[in-house]
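Engineer: Please work out how this folds:
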Amino acid sequence: MTRVIDLEEGRLQRAAKRGYRNWISQFNEEFGLETRLSHVSFSTLAYLAQGKEKGSFYLYDLIMNLQGLGSGFEFNELHSKEKMLVIDKYLFLLDRIRFEVMKRLGWLESYPGEELSLVELIVQFEKMAPSLQAKVPVLSRDHPDHEQYMRLNTFDREAFVRKLIPKALKKLKDYSVTL
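Structural biologist: Numbering: from 1, shown residues only. This next block holds a predicted model:
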């Protein structure tokens with residue numbers, strides 16, 4: 001019996017395996033082509049959400065491997081145009097990671113792109129990012145400022161949610177201190 005092999009999926013599988021190899025050794029979790037942020041442990045999200053140098057490396061590494069640009073160790077050697085594309089994708093992913101953290105804290109009901117895998121978010125960035133960035137995360141009804149959020153227009157709702165990011169990062173620091 002013959003089996004049809006999707007060459008693009010095979011290429012993505014290999015790229016994802018390369019991109020996640022450092023994640024697996026650092027975070028002791030399984031990651032793959034279908035991994036969504038909802039599948040990632042809270043401790044790993046907390047590490048990545050900080051946006052610090054080491055956490056950035058893991059995102060750069062994944063992005064660069066999926067795009068055929070080498071590993072995250074080679075980020076500084078990229079041409080400026082390639083470097084900007086990686087940074088754009090990094091910032092986009094960092095937003096999704098922080099939104100996932102806020103969702104787990106009970107602050108958000110949902111956020112744009114949460115149903116997509118990390119690989120899809122990266123590989124289909126040019127096609128999907130503009131529409132996802134145009135949508136606003138939905139603040140949880142249980143959040144103490146929900147009524148204020150509901151009175152805002154769409155543009156102001158996005159700013160409102162973004163102003164919660166530093167509070168979420170502080171909560172993560174407090175959380176890691178209590179562990």
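
Engineer: Pretty sure residue 13 sits against residue 33.
Structural biologist: Yes. Under the criterion of CB atoms under 8 Å, residue 13 makes contact with residue 33 at 5.8 Å. (Glycine included, C-beta is placed from N, CA and C.)

Engineer: which ones are touching the most centrally placed residue in the chain?
Structural biologist: In the chain, the residue lying closest to the centroid (CA atoms, centre = their mean) is residue 93, at 3.2 Å. Neighbouring residues of residue 93 by CB atoms under 8 Å, 6 or more residues apart in numbering: 59, 63, 118, 121-122.

Engineer: Kindly give a single ChimeraX line that selects the buried subset of the residues you listed.
Structural biologist: If you want just the buried ones from the contacts of residue 93 in ChimeraX, going by 16 or more other CB atoms under 10 Å, the selection is:
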select :59,63,118,121,122
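
Engineer: Okay, residue 33 and residue 86: tell me how far apart.
Structural biologist: To residue 86, residue 33 is 20 Å away according to CB to CB, to the nearest Å.

Engineer: So those two - more neighbours on which side?
Structural biologist: Taking neighbours as other CB atoms under 10 Å, residue 33 and residue 86 compare with residue 86 leading, 19 against 15.
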